[in-house]
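Asker: Curious how this folds, go ahead:
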Amino acid sequence: MTVLPDDGLSLAAEFPDATHEQWQHLVEGVLRKSGKDVSGPAAEDALSTALEDGLRTRPLYSARDAAPDAGLPGFAPFVRGGRAEGSTAGGWDVRQRHTALTDGVVLADLENGVTSLWLVLGEGGIPVTELGRALDGVYLDLAPVVLDAGTEVEPAARELLRLYEERGVAKEAARGNLGADPLGHEARTGKSSEFAAAAALARLCAEEYPGVRALTVDALPYHEAGGSAAQELGASLATGVAYLRELDEAGLTVEQAAAQLEFRYAATADQFLTIAKLRAARRLWARVTEVCGASSAQVQHAVTSPVMMSRRDPWVNMLRTTVATLAAGVGGAESVTVLPFDHTLGLPDAFARRIARNTSTILIEESHLARVIDPAGGSWYVERLTDELAEAGWEFFQRIERTGGQAAALRSGQLGEDLAATWEARTGRLAKRREPVTGVSEFPNLAEQPVEREPAPEPRSGGLPRVRRDEAYEALRARSDAHLAATGSRPRIFLAALGPAAAHTARLTFASNLFQAGGIEPVTGGTFAESGATEVCLCSSDAVYEEQAEAVTGQLKGAGASHVSLAGRPGDHPGVDSYVFAGCDAVAVLSATLDRMGVS
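Answerer: Alright, predicted model coming up:
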């Protein structure tokens, strides 16, 4: 009889340890079955995933993947958090964004889970003169207020400080951020502004309002222009350094100047990249302040990415923002803003705002994410990705500094060119559906009813562009919508399924999804003559194509088909006009198809 150990923890003690090389050998066997004859490290590389910034995610991480010591929360290099207690005391700050003055909305948010307010004032937002009305009924000693007023930052800040005094809020009790960000505003609008007003507000806050910061380092303009995670990090560092220099000239110490800055980053549905980005940002800023002779933790405000939000099937955005919020919380952001799922469609309604604020509440109160500081810490993958992303971000920061700093990089156009190049490469992946957009390029629903919202104020523009992952497919769907409005039906394509179901099901499903992504309705039942279509796509296996494709193509063209495509890799199929396959440029294929159909 075998006697088990009584410690309950040594069940594998008698088994020999597997080696990394043995695991690679198993991978080789699997890859060989799929036609890839590679061995050793090459087998592991075949399963790796390329990321932006020259990074790669490997399929397996182990103790061999060493990374620098992350330290402890509250201590340099602050990788594990800027505060010793993290968010364990009460979760992260739930910060809701408002761009319009709507009676009762602000108070409804605060009464139902929101803990601070982010108010867009002036151009693209609430008039500065209406700030008092926007904050009517708000206990300003309890709810921090963060302003975003562009060129009107000084009058907006003075108005908020006046409200503090008018409502009896002691200077030491005031909390928030006055939102001065001259370089961020220039990135948004292309218009430069003097730093003097920001410096004056920073001096005032440093001397009289210990709980109020004067400046925001907003990295969203670079993310929304198509920048990568490393570019977002590098641009934010360059902006932060520029502000430190300006505040030093204004007479503030390094410690005082660093204490006036709050950094704003995008949180995306790529949860591990977001976690690593926030951890890397703290490490990089710790290095900057160390070089400047101080030790200061970066204060972070994470915002769910507008770039990832889709206009079609916007309900999926709830899932995207949930993952992004989880990543922001795990990554250690002090404040998190969840953009409502209908953010791209106009002003969010009450339901959308409720879902947005409850996303944080569920993750904090029910999922207990805030109970542990830096829950991803110690993961070989996360620590390695944090290190690699920090290196890439520092390299981009140095590139900006070599050109003369953030202002020079913006005004010379170099920064815009770098971001555009990154977005162009990503656009290619989106077009080929290598980066899927659920509900848009994958599993679209042509029968969905549009979600209508009241128009939101036009955002500030004129500087770096704002991009969206869905934009190419949105343009195709808009053409289809116009055709539907004009004719009463969508453009159609007949999918000819050849052979038994086992032969055609996979490619029939592929083709149906692909054409719907462009607003083209697939017809799979009946005959070609009954479909009302002028184009056909053959769907089956390669073996069936060899037997039937040429004859069927001839019959279809004889019946009036103007163009016959085939779902599969290009081959020798007489009469077939084009091919659609995994990895093809779907946007180009769909655009050309609509062109042939006369859909403008």
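
Asker: Now do Phe510 against Glu535, distance only.
Answerer: 16 Å (CB to CB, to the nearest Å). (Each C-beta comes from the backbone N, C-alpha and C, glycine too.)

Asker: would you say Ser565 is within a helix?
Answerer: No. Looking at Ser565 with DSSP: H, G, I helix; E, B strand; the rest coil, it is strand, so not inside a helix.

Asker: start at 37 instead
Answerer: Shifting the count to begin at 37 puts that one at Ser601.

Asker: In the stretch 37-186 of the chain, mark out all the helices, start to finish.
Answerer: 56-69, 77-82, 141-147, 167-170 (DSSP state H, counting those that start in this stretch).

Asker: Only alpha carbons, please: show the first one as CSV.
Answerer: What follows is the C-alpha trace of helix 56-69 in CSV, where atoms were taken according to Å, rounded to 0.1, in the frame of the first residue of the first chain:
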residue,chain,number,x,y,z
HIS,A,56,12.2,23.7,-20.6
GLU,A,57,13.8,21.7,-23.4
GLN,A,58,11.3,18.8,-22.8
TRP,A,59,8.4,21.2,-23.1
GLN,A,60,9.9,22.6,-26.4
HIS,A,61,10.1,19.0,-27.7
LEU,A,62,6.3,18.6,-27.0
VAL,A,63,5.6,21.8,-28.8
GLU,A,64,7.7,20.6,-31.8
GLY,A,65,5.4,17.6,-32.1
VAL,A,66,2.2,19.7,-32.1
LEU,A,67,3.6,22.1,-34.7
ARG,A,68,4.8,19.3,-36.9
LYS,A,69,1.2,18.1,-37.2
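
Asker: Quick check: buried residues in it?
Answerer: 60, 63-64, 67 (16 or more other CB atoms under 10 Å).

Asker: quick revisit: looking at Phe546 and Glu571, which one has more neighbours?
Answerer: Glu571 (23 against 17; other CB atoms under 10 Å).

Asker: and the more buried one, what does it touch?
Answerer: When contacts are counted by CB atoms under 8 Å, 6 or more residues apart in numbering, Glu571 touches 529-530, 597-601, 629, 632-633.

Asker: of the helices of the stretch 37-186 of the chain, which approaches Arg469 most closely?
Answerer: Closest to Arg469 of those is helix 77-82 (CB to CB; 20.8 Å).

Asker: by contact count, what packs against the closest one?
Answerer: helix 56-69 (3 or more CB pairs under 8 Å, 6 or more residues apart in numbering; DSSP states H and E).

Asker: what's in contact with the helix it packs on?
Answerer: 73-77, 79-80, 82-83, 95-96, 98, 100.

Asker: For ChimeraX, write a command that selects the buried ones of those.
Answerer: To isolate the buried ones among the contacts of helix 56-69 in ChimeraX, judged by 16+ other CB under 10 Å, type:
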select :74,79,80
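
Asker: between the contacts of helix 56-69, which is closest to Ser577?
Answerer: Closest to Ser577, out of all of the contacts of helix 56-69 and judged by CB to CB, is Asp73, at 24.0 Å.

Asker: Nearest residue to Tyr509 in space, please, no chain neighbours.
Answerer: Spatially, and ignoring its direct neighbours in sequence, Tyr509 is nearest to Val476 (5.0 Å; CB to CB, 6 or more residues apart in numbering).

Asker: Tell me which helix or strand the one you found sits in.
Answerer: If you go by DSSP states H and E, Val476 is not part of any helix or strand.

Asker: pLDDT score assigned to it?
Answerer: Looking at Val476, its pLDDT stands at 97.

Asker: try Val559
Answerer: 96.

Asker: Now it. Nearest residue, chain neighbours left out?
Answerer: Counting by CB to CB, 6+ apart, the residue nearest Val559 is Ser567, at 4.1 Å.

Asker: Surely the residue nearest to Tyr509 is in contact with Ala508?
Answerer: No. Between Val476 and Ala508 there is no contact under CB atoms under 8 Å: 9.5 Å.

Asker: So between the two, which is more surrounded?
Answerer: Taking other CB under 10 Å, Val476 and Ala508 do not tie; Val476 has more neighbours (26 against 22).

Asker: quick one: the more buried one from Gln442, how far?
Answerer: 34 Å.
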